[in-house]
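[1] Here you go, sequence then predicted model.
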Amino acid sequence: MTGPPAGDGPLDWLGAALADLERADLSRSLRHHTSGAEPWIDLETPEGLRRLLHLCSNGYLGLATHPEVVAAAVEAAQRLGTGSGSARLVTGGQTPHRELEETLADWKGTDDALLFSSGYLANLGVVTALAGRGDVVVSDELNHASIVDACRLARAEVRVYRHGDADHAAALLADAPDGARRLLVTDGVFSMDGDVAPLPALCDVAERHGAAVIVDDAHGSGVLGPEGRGTAAALGCEDRIHAVVATLSKALGSVGGYVAGSADLTAWLRNRARPFVFDTALPPPAVAAARAAITVVRREPERRERALRLARDLADGLRAAGHAVAAPDACIVPVVVGSNRAALDGMARLLEHDVLAVAIRPPSVAPGSARLRATVMATHTDDDIDRAVGAFRDALATADAS
């Protein structure tokens, strides 16, 4: 019997690879805090807990700790337990799963909706169920990693168009092979830049070339449009989107994902979307929490109005301090600093001001475009935003002087 030489095991390369990441300022480590998803958190550090202004949460409406949402989760846990037991197609489906799907469909104005264990899996499920070998998927170059992976797993021909460029998308669809299924896939709100896709123009393109439109609205759902229905609703093209993918883990403050669309689409996904067919159903507390959160979203438009206003205030303050920051379309405010080291140094200087905004580096963004990505919550105060502006001003001024 033979094996690797002594000291040359099959994973011995990991040490050198990790050292390469460290030298490139690309190494990551986990942070842990003892708080809920609140505007201020207690972060664990070697010196003990530190109280920090939290500008990293995607819980834009502050619903993860909302009393009604928490109470719904607690009631479901007490009544149904903490896990579903198996996949929905076996015995894992419970009444709350179907109730949430009906609520989602009513909210989104679609025939039906189907739950997945995460938004990531929802993207994998819908793209791979609708496209395969011989088909064509046209995808924005800045789409989320889950869409990129979904396109690869579909084994279709993937054509990537320039960010937000509907004309380029049209050119890529124009010569798709006869008989090929065609998909056009885009984020609604792009997670790293916070800008909105030109959905009406993309729908025009898709309709001319017979393509189905799939929109991942993880960062727009709950925040944009009437009743928080999302980016397509805000842009007046809901009825032109064939599949809306979104998550329960951001504005809705829970966990999981879903696809909303026609009855035929959801029936097909129940039969052919592998991340649904072979995955254990969401736990009842998460399902109940998400359903309660939708009730709050629809009842309290002032939450999303406040979150959007605070994002604009943060961006306005940063621009006034001399930073090139675009007016935000949603709740994401990125400050591009360039190099990986500059982003890490900027994050460290913000921490000196008791502000946590994470350094975003490749592969999340393109090389040379590392940034400090700030997100706001409806539960931040005006004073919190003023403090954040001052911290960014001082931290980045120190960087410019060094």
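    Nice, thanks for sending it over.
[2] Tell me where this protein has helices.
    For the chain, the helices defined by DSSP state H cover 13-23, 67-80, 95-108, 119-130, 145-154, 166-174, 199-208, 231-234, 263-272, 274-277, 284-299, 301-320, 340-352, 382-401.
[3] Return the set of buried residues in the fifth one.
    Just to be clear, that refers to helix 145-154. The neighbour-count check on helix 145-154 (16 or more other CB atoms under 10 Å) flags 146, 147, 148, 150, 151, 154 as buried. C-betas here are computed from N, CA, C, even on glycine.
[4] Could you dump those residues into TSV and include pLDDT and distance to residue 221?
    Formatted as TSV, the buried residues of helix 145-154 follow (pLDDT from 0 to 100; distance: CB to CB, whole Å):
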residue	pLDDT	distance to residue 221
146	97	15
147	97	15
148	97	20
150	97	18
151	97	21
154	97	23
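[5] Let me know the closest of those residues to residue 290.
    residue 146 (18.7 Å; CB to CB).
[6] which ones are touching that closest one?
    Contact analysis of residue 146 by CB atoms under 8 Å, 6 or more residues apart in numbering lists 119, 120, 123, 124, 216.
[7] now, which of those residues sits nearest residue 359?
    Distance to residue 359, by CB to CB, is smallest for residue 120 among the contacts of residue 146, at 22.1 Å.
[8] how close does the residue lying closest to that closest one once chain neighbours are set aside sit to residue 328?
    Of all residues not flanking residue 120 in the chain, residue 146 sits nearest, at 4.1 Å (CB to CB, 6 or more residues apart in numbering). The gap separating residue 146 from residue 328 is 22 Å, by CB to CB, to the nearest Å.
[9] Throw the buried residues of helix 145-154 into a markdown table and include distance to residue 90, thanks.
    Shown next, in a markdown table, are these (distance: CB to CB, whole Å):
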| residue | distance to residue 90 |
| --- | --- |
| 146 | 25 |
| 147 | 28 |
| 148 | 30 |
| 150 | 24 |
| 151 | 29 |
| 154 | 25 |
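[10] Widest-spaced pair of those?
    Spatially, the most separated pair among those is 146 and 154, at 12.5 Å (CB to CB).
[11] Quick check, residue 43 in contact with residue 358.
    No - between residue 43 and residue 358 there is no contact under CB atoms under 8 Å: 11.7 Å.
[12] Now do the same for the residue nearest the centre of the chain: its pLDDT.
    The residue lying closest to the centre of the chain (CA atoms, centre = their mean) is residue 218, at 4.5 Å. For residue 218, the pLDDT comes out at 98.
[13] Equivalent analysis for residue 400, please.
    For residue 400, the model assigns a pLDDT of 58.
[14] What sits closest to the residue nearest to the centre of the chain if chain neighbours are left out?
    Using CB to CB, 6+ apart, the nearest residue to residue 218 is residue 247, at 4.6 Å.
[15] residues near that neighbour, how many?
    Per other CB atoms under 10 Å, the neighbour tally for residue 247 reads 27.
[16] Check the one 10 residues further on too.
    Residue 257: 27 surrounding residues under other CB under 10 Å.
[17] From residue 136, how far out is residue 74?
    47 Å.
[18] Look at the two and report which has more neighbours.
    Taking neighbours as other CB under 10 Å, residue 74 and residue 136 compare with residue 136 leading, 21 against 13.
[19] What sits closest to the more buried one if chain neighbours are left out?
    Nearest non-adjacent residue to residue 136, counting by CB to CB, 6+ apart: residue 176, 4.3 Å away.
[20] doesn't residue 184 make contact with the one you found?
    No - using CB under 8 Å, residue 176 is not in contact with residue 184, being 10.7 Å away.
[21] Between these two, point out the one with more neighbours.
    residue 184 (28 against 19).
[22] Who are the contact partners of the more buried one?
    Residue 184 is in contact with 137, 138, 139, 169, 173, 202, 205, 206, 211, 212, 213, 214, counting by CB under 8 Å, 6+ apart.
[23] between these, which is closest to residue 14?
    residue 139 (31.4 Å).
[24] partners of that closest one in the sheet?
    residue 160, residue 185 (DSSP bridges).
[25] Next, count neighbours for it.
    23.
[26] Measure how far stretch 87-98 is from the centre of its chain, please.
    Relative to the chain's own centre, stretch 87-98 is displaced by 25 Å; criterion: CA atoms, centre = their mean, to the nearest Å.
[27] That stretch spans what distance, first to last residue?
    Stretch 87-98 has an end-to-end distance of 14 Å (CA to CA, to the nearest Å).
[28] Next, the buried residues of it.
    88, 92, 93, 94, 96, 97.
[29] confidence score at the nearest residue to the fifth one once chain neighbours are set aside?
    This points to residue 96. Leaving aside its chain neighbours, residue 96 sits nearest to residue 287 (4.4 Å; criterion: CB to CB, 6+ apart). Per-residue confidence (pLDDT) for residue 287: 98.
[30] quick one, what contacts residue 287?
    76, 94, 96, 97, 99, 100, 115, 254, 256.
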